[in-house]
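> here is my input; please provide its structure:
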Amino acid sequence: MPNWRRLRSRRSRGETSRPGTPASGRSSSPAGAGVSERFACRVTGQHRASQRHQSATTTPADPKAALRAWLRAYAKDHPRRGFRPAYHDARGEGWQVNHKKIQRLWREEGLRVPQRRRRKRRGTSTTIDTPTADAHDQWDTTIYSDNDRYRGIHNLRTLILMNRDDMRARHIKAGGLVDITATARDGSQRFLKQYRAIEYDMPRGCAAGYMPEMNVLIAASDYSSQSNQPLMKNIRVRVAPIA
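The predicted structure is shown next:
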């Protein structure tokens with residue numbers, strides 16, 4: 001049986017050290033101190049699981065270092081490929097590994113396939129989605145009003161509300177006159193002449209106008225297949241300034 005009093009007194013005088021922590025003039029391992037690992041951990045009050053060997057993956061002697069380097073080079077040469085193609089190519093080059101190890105090492109190295117970003121449309125199309133709208137004082141059972149208090153428009157109904165960038169791309173001045181052309185599903189074209197272009201805060205690629213003035217742009221073939229209702233909220237039109 002060990003003499004616990006003697007061991008504690010030696011520890012208080014600094015003659016023993018915690019396993020893994022070097023002391024002056026003494027070995028850092030339990031074997032170098034002449035005691036077993038279990039005995040040293042019991043004396044110092046440490047758990048034995050905290051005194052294991054360092055992981056090989058964190059040392060220069062990592063047995064998978066070559067495979068890790070190959071995966072990093074593979075990801076750099078093929079940025080659009082993931083760990084599955086890397087596994088098949090590794091097997092083709094003679095690496096004796098399974099897909100689980102490739103996936104684990106791929107994740108540990110922080111490798112990933114960059115996600116493609118959808119390109120935003122920058123007004124390349126010449127057409128605009130144009131829904132029809134009601135004015136503030138317009139109701140189904142009353143006479144239509146020329147005033148729209150919500151949008152600050154007075155004494156005007158033959159207009160089209162457009163985004164500022166869409167107007168600049170088409171060289172349309174604020175308050176300028178434009179011609180509107182709509183192409184129906186059956187190929188027929190419908191026109192509105194000398195409408196006033198009003199700059200309004202709305203998404204790019206969209207415009208709006210009042211009904212029933214713009215109902216002429218909707219052909220008999222432009223209806224929903226589900227509700228059999230006219231496509232009042234989705235009309236593809238071309239807007240051009242009057243020279």
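> past the longest helix seen in the chain, which element shows up next along the chain?
Across the chain, the helix with the greatest residue count (assigned by DSSP state H) is helix 65-77. Read in the C-terminal direction, the helix or strand following helix 65-77 is helix 83-92, with elements assigned using DSSP states H and E.
> what's the mean pLDDT across that following helix?
Here the mean pLDDT over helix 83-92 is 92, rounded to a whole number.
> thinking again about what came up before, now for the longest helix of the chain, which elements pack on it?
helix 83-92, helix 99-108 (3 or more CB pairs under 8 Å, 6 or more residues apart in numbering; DSSP states H and E). Where C-beta positions appear, they are placed from N, C-alpha and C, glycine not excepted.
> would you list those helices in a markdown table and tack on distance to residue 208 and mean neighbour count?
A markdown table is the format used below for the helices and strands packed on helix 65-77 (distance: least, CB to CB, whole Å; neighbours: other CB atoms under 10 Å):
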| stretch | distance to residue 208 | mean neighbour count |
| --- | --- | --- |
| helix 83-92 | 49 | 16 |
| helix 99-108 | 50 | 16 |
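> now those helices as TSV including distance to residue 116?
Output for the helices and strands packed on helix 65-77, formatted as TSV (distance: least, CB to CB, whole Å):
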stretch	distance to residue 116
helix 83-92	17
helix 99-108	20
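> closest to residue 173 out of those helices?
Of all the helices and strands packed on helix 65-77, the one in closest proximity to residue 173, counting by CB to CB, is helix 83-92 (55.0 Å).
> show residues contacting that closest one.
Under the criterion CB atoms under 8 Å, 6 or more residues apart in numbering, residues 67, 70-71, 74-75, 78, 97-99, 102-103, 106-107, 111 lie in contact with helix 83-92.
> and the biggest strand by length in the chain, what's buried?
When every strand of the chain is counted residue by residue (DSSP state E), the longest turns out to be strand 189-199. Neighbour-count burial for strand 189-199, counted by 16 or more other CB atoms under 10 Å, picks out 190, 192, 195-199.
> go on, stretch 206-214?
The neighbour-count check on stretch 206-214 (16+ other CB under 10 Å) flags 207-211, 213-214 as buried.
> so which of these is the closest to residue 158?
Proximity to residue 158 was ranked across these by CB to CB; first place goes to residue 213, at 5.9 Å.
> tell me who's in contact with that closest one.
157-158, 192.
> alright, calling it a day.
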